[in-house]
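Enquirer: here is the input, now give the coordinates:
(one chain, ligands or ions: 2)
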Amino acid sequence: MILLTGGAGYIASHTGVALALAGIPYVVLDNFCNSVPAVLERMHEVGGLKPTLVQGDVRDAATLDALFARYPIQGVVHFAGLKAVGESVAEPALYYENNVSGSVTLIRAMQRAGVKTLVFSSSATVYGNSDASPLPESAPLAPINPYGQSKLMVEYILRDVAAANPDWRVACLRYFNPVGAHISGLLGEDPRGVPGNLMPFIGQVAVGRRPQLSVFGNDYPTPDGTGVRDYIHVMDLADGHLAALRYLQGDLTGRNCLMANLGTGQGISVLQMVQAFEQYTGQKIPFEVAPRRAGDLASYYADPSLANRVLGWKAQRGLKEMCEDSWRWQHRNPMGYAQA
Ligand code: NAD
Ligand code: UFG
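Expert: Numbers count the residues shown, from 1 in each chain. Ligands and ions are numbered 1, 2, ... in the order given. Presented below is the predicted three-dimensional model:
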């Protein structure tokens, strides 16, 4: 049985379904600070396996002790965290408490319970302003905001924990830009308020919730002047977690802490994404060019060869699936889970 902290969130809900379809039961721990309980019913419906829910906070040691005492947890995937870059700049202590203290509380509880397998949701944001794409894991680590710092701090803590005890098995997965939804149209990304990220914003324009997209800058040194990112389908990301859990069950002598990029290795611009969405969904996405967004980089994308080689994992889904699946989710759930 696997524990998914933050298990009702966007990436975790898709990972839960992938686990269920592989016949692996899981427990969801979530405080619903950025998700809703209705997600659990959808996870049940799509994965065919009823998730066990523990409503609680990963920073609460007593909740964790009770959870580990009650369920036969063999490994943990630690998704729980706050992820809004702007909010992390305004409220750094909140981010360090939730993301760093929360992780330490979890690690301590795992130590007490004798659970030593952990997959951690890290982020490409640990690379900061690196302009050396495709980015290998050896690229300089220099996050530029408290959110990114919090991810890197947890990576360092886990590296030290794994070095101190060879029985620990740790994988830190550095996600690039997760997009898309489950093919069923029942699970997807449901941001609160105005979406800060490109794909949910495009989805809300397509469904008529927003009049147009603002393209943040068209004078970057990229082929069409707009920002380039490595968008990865959320189900490919989910499969990456399964691959990591499988990897951690193997013989890891001397290398019990892995840091791995999960991306496609392909850079896609904002305008390419808009065009792809229009092409694959038939929906028109009106847009205007707006000033650059503070803190945005021109271009970054992964070198995913380590994950390809070591985890035997490779992204399978392209722009077509990303756009079609996003649209199916958005179209069937115009207000997200609120109407579920
Ligand atoms: P999400 O907000 O949808 O999911 C996070 C879940 O964790 C939510 O359900 C939230 O309610 C829960 N949570 C937060 N703090 C908690 C706490 N203290 N105790 C219990 N539950 C708590 O976010 P997501 O996009 O699914 O991201 C999951 C993880 O992946 C996060 O750690 C995030 O930083 C990381 N990540 C996300 C992206 C991205 O672009 N979505 C990119 C890189 C890394
Ligand atoms: N963009 C627009 N208009 C929008 C939203 C985004 O033009 O309304 C552009 C951005 O300028 C950027 C691209 O679309 O060029 C992607 O932007 P996102 O906000 O979707 O994603 P980011 O790459 O900025 O950030 C994401 C996560 C961060 C994480 C980072 C690295 O939101 O939390 O990837 O993993 F740190």
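
Enquirer: for the chain, which residues are neighbours of ligand 2?
Expert: 83, 85, 123-125, 175-177, 196-198, 201, 213-216, 227, 229, 270, 293, 296 (Cβ under 6 Å from any ligand atom). No exception for glycine: its C-beta is placed from N, CA and C like everyone else's.

Enquirer: of the residues you listed, buried ones?
Expert: Buried subset of the residues of the chain next to ligand 2 (neighbour count, 16 or more other Cβ atoms under 10 Å): 83, 85, 123-125, 175-177, 198, 201, 213, 215-216, 227, 229, 270.

Enquirer: of those, which is the nearest to Pro334?
Expert: Phe201 (14.1 Å; Cβ to Cβ).

Enquirer: which residues touch the residue in the chain that ligand 1 sits nearest to?
Expert: Taking Cβ to the nearest ligand atom, ligand 1 has its nearest neighbour within the chain at Gly9, 2.0 Å off. Residues in contact with Gly9, defined by Cβ atoms under 8 Å, 6 or more residues apart in numbering, are 30, 34-35, 79-80.

Enquirer: show the buried residues in the residues you listed.
Expert: Using 16+ other Cβ under 10 Å, the buried members of those are 30, 34-35, 79-80.

Enquirer: what comes up buried for stretch 162-178?
Expert: Here stretch 162-178 shows 162, 168-178 as buried, counting by 16+ other Cβ under 10 Å.

Enquirer: same check, this time on stretch 236-250
Expert: Result for stretch 236-250 [16+ other Cβ under 10 Å]: buried residues 236-245, 247-248.

Enquirer: does it come close to ligand 1?
Expert: No - using Cβ under 6 Å from any ligand atom, stretch 236-250 never reaches ligand 1; the gap is at least 8.9 Å.

Enquirer: residue boundaries of the helices in the stretch 201-340 of the chain?
Expert: Along the stretch 201-340 of the chain, counting by DSSP state H, counting those that start in this stretch, helices occupy 234-248, 270-281, 305-306, 319-332.

Enquirer: now these as a markdown table including distance to Ser184?
Expert: Output for the helices of the stretch 201-340 of the chain, formatted as a markdown table (distance: least, Cβ to Cβ, whole Å):
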| stretch | distance to Ser184 |
| --- | --- |
| helix 234-248 | 11 |
| helix 270-281 | 17 |
| helix 305-306 | 31 |
| helix 319-332 | 8 |
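
Enquirer: pLDDT of stretch 236-255, averaged?
Expert: Confidence for stretch 236-255, expressed as mean pLDDT, is 93.

Enquirer: CA atoms only: put it into CSV for me.
Expert: Below are the C-alpha coordinates for stretch 236-255, written out as CSV (Å, rounded to 0.1, in the frame of the first residue of the first chain):
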residue,chain,number,x,y,z
ASP,A,236,3.0,10.4,-18.4
LEU,A,237,4.0,12.1,-15.1
ALA,A,238,1.8,9.6,-13.2
ASP,A,239,3.5,6.7,-15.0
GLY,A,240,6.9,8.3,-14.0
HIS,A,241,5.9,7.8,-10.3
LEU,A,242,5.1,4.2,-10.9
ALA,A,243,8.5,3.7,-12.7
ALA,A,244,10.2,5.4,-9.7
LEU,A,245,8.5,3.2,-7.2
ARG,A,246,9.5,0.1,-9.2
TYR,A,247,13.0,1.4,-9.5
LEU,A,248,13.2,1.9,-5.7
GLN,A,249,12.3,-1.8,-5.2
GLY,A,250,15.4,-2.9,-7.1
ASP,A,251,19.1,-3.3,-6.1
LEU,A,252,20.3,0.2,-5.3
THR,A,253,23.5,-0.5,-3.6
GLY,A,254,25.5,2.8,-3.2
ARG,A,255,22.9,4.9,-5.1
